[in-house]
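In: Predicted coordinates and the sequence they were generated for:
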Amino acid sequence: MAEILRIPLGFNNAYLIKDRQYILVDCGQAEDAPRLLKELRKNGIDRGDLGLLVITHAHPDHMGSAAALQEELGVPVAIHRAEEDFLVRGRSAPIIPYSWEGKLVNSVLYKKAAETGKPVKVGLTYEDQMDLAEFGLDGLLLATPGHTLGSSSVIVGEEAIIGDLLMMVPPFAGVPGVPWFAEDPIALWDSIKLLRQRGVRRVYPGHGFCWEMGLVEKLLRERLIPKKGRLNPVGLSVGKL
Ligand SMILES: [Fe+2]
């Protein structure tokens, strides 16, 4: 039975999946590499021990350490085909603000994105979904676009590691919400519904702690109702969950 271990890296999470092999999902920012390598080594992982590094999407806070991990551990990297080129060029996928908070921090993130830098050798890409059995995991990589066009989730039984498909609403780490950035808000909404259709009951975000899908649905339904002058354009254009 697979075990999902959250590795907190400041505001970001990486996840180590322990099954017949080890799979790492996301790897924080470039400066997180030493800390992440230390955590992996604490779990007995050294060069050649990590079966796969999955990047949920090519934003600097999810892929930043990929080049360093590749160099240190010799791990193959997987990402959705739509975002392969960003990784190869060491650049960020578009960061499109979707809320006022997103607009506020956008200039900082763009600066960060420009600094992302090191090119990553991509070993595997996929289109709609990819079975992870050959990497020792009874699970799959599933396209869940919205936050970026090539965003992915890793599905393991009733659990899913979702990158930034949802994110915590600061400063309330326990509260899930829609991300501040979405390249395609309609697709984002469909991806959340897709996870439910796939029987996912618990999600692990790139920022925040794990959430039960029931809580996610409840809070997102509430956000459909305009409050304090804030509207949710996803909800208004697509309808209820
Ligand atoms: Fe992101």
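Out: Now that the structure is in, tell me what you want to look at.
In: any chance you could map the strands in the chain?
Out: Under the criterion DSSP state E, the chain carries strands at the ranges 3-9, 12-18, 22-25, 50-54, 77-80, 124-126, 129-131, 140-143, 152-156, 159-163, 167-169, 172-177, 202-205, 211-212.
In: Pipe those into TSV and attach mean neighbour count and mean pLDDT per row.
Out: Where you see a C-beta, it was placed from the backbone N, CA and C, and this is true even at glycine. Shown next, in TSV, are those (neighbours: other C-beta atoms under 10 Å; pLDDT from 0 to 100):
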stretch	mean neighbour count	mean pLDDT
strand 3-9	16	96
strand 12-18	22	97
strand 22-25	26	98
strand 50-54	24	97
strand 77-80	26	98
strand 124-126	17	98
strand 129-131	16	98
strand 140-143	22	98
strand 152-156	26	98
strand 159-163	27	98
strand 167-169	19	76
strand 172-177	16	70
strand 202-205	22	96
strand 211-212	16	90
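In: Any idea which residue is closest to the centre of the chain?
Out: Closest residue to the average C-alpha location of the chain: G163 at 1.4 Å, with C-alpha atoms, centre = their mean.
In: In JSON lines, list the strands of the chain along with distance to I192.
Out: Formatted as JSON lines, the strands of the chain follow (distance: least, C-beta to C-beta, whole Å):
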{"stretch": "strand 3-9", "distance to I192": "19"}
{"stretch": "strand 12-18", "distance to I192": "18"}
{"stretch": "strand 22-25", "distance to I192": "18"}
{"stretch": "strand 50-54", "distance to I192": "19"}
{"stretch": "strand 77-80", "distance to I192": "17"}
{"stretch": "strand 124-126", "distance to I192": "20"}
{"stretch": "strand 129-131", "distance to I192": "16"}
{"stretch": "strand 140-143", "distance to I192": "12"}
{"stretch": "strand 152-156", "distance to I192": "10"}
{"stretch": "strand 159-163", "distance to I192": "9"}
{"stretch": "strand 167-169", "distance to I192": "12"}
{"stretch": "strand 172-177", "distance to I192": "10"}
{"stretch": "strand 202-205", "distance to I192": "9"}
{"stretch": "strand 211-212", "distance to I192": "12"}
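In: Figure out which of those is closest to L195.
Out: strand 159-163 (5.7 Å; C-beta to C-beta).
In: got the angle for that closest one vs strand 12-18?
Out: 140 degrees (axes from the mean of the first three to the mean of the last three C-alpha atoms, to 10 degrees).
In: Check which strands are paired with strand 159-163 and give the direction for each one.
Out: Applying DSSP bridges, strand 159-163 is found paired with strand 152-156 (antiparallel), strand 202-205 (parallel).
In: now check it, is it near the ion?
Out: No: for strand 159-163, no contact with the ion is found by C-beta under 5 Å from the ion; the gap never falls below 6.6 Å.
In: Close to the ion: what parts of the protein are there?
Out: When proximity is defined by C-beta under 5 Å from the ion, the chain lies next to the ion at H59, D164.
In: mind showing which ranges of the chain have poor pLDDT?
Out: For the chain, the stretches flagged by pLDDT under 70 are 107-116, 169-174, 221-241.
In: all helices for it, in order.
Out: Ranges of helices in the chain, per DSSP state H, are 33-42, 60-63, 66-73, 84-89, 100-115, 185-197, 213-223, 233-238.
In: of those, which approaches D26 most closely?
Out: helix 60-63 (4.5 Å).
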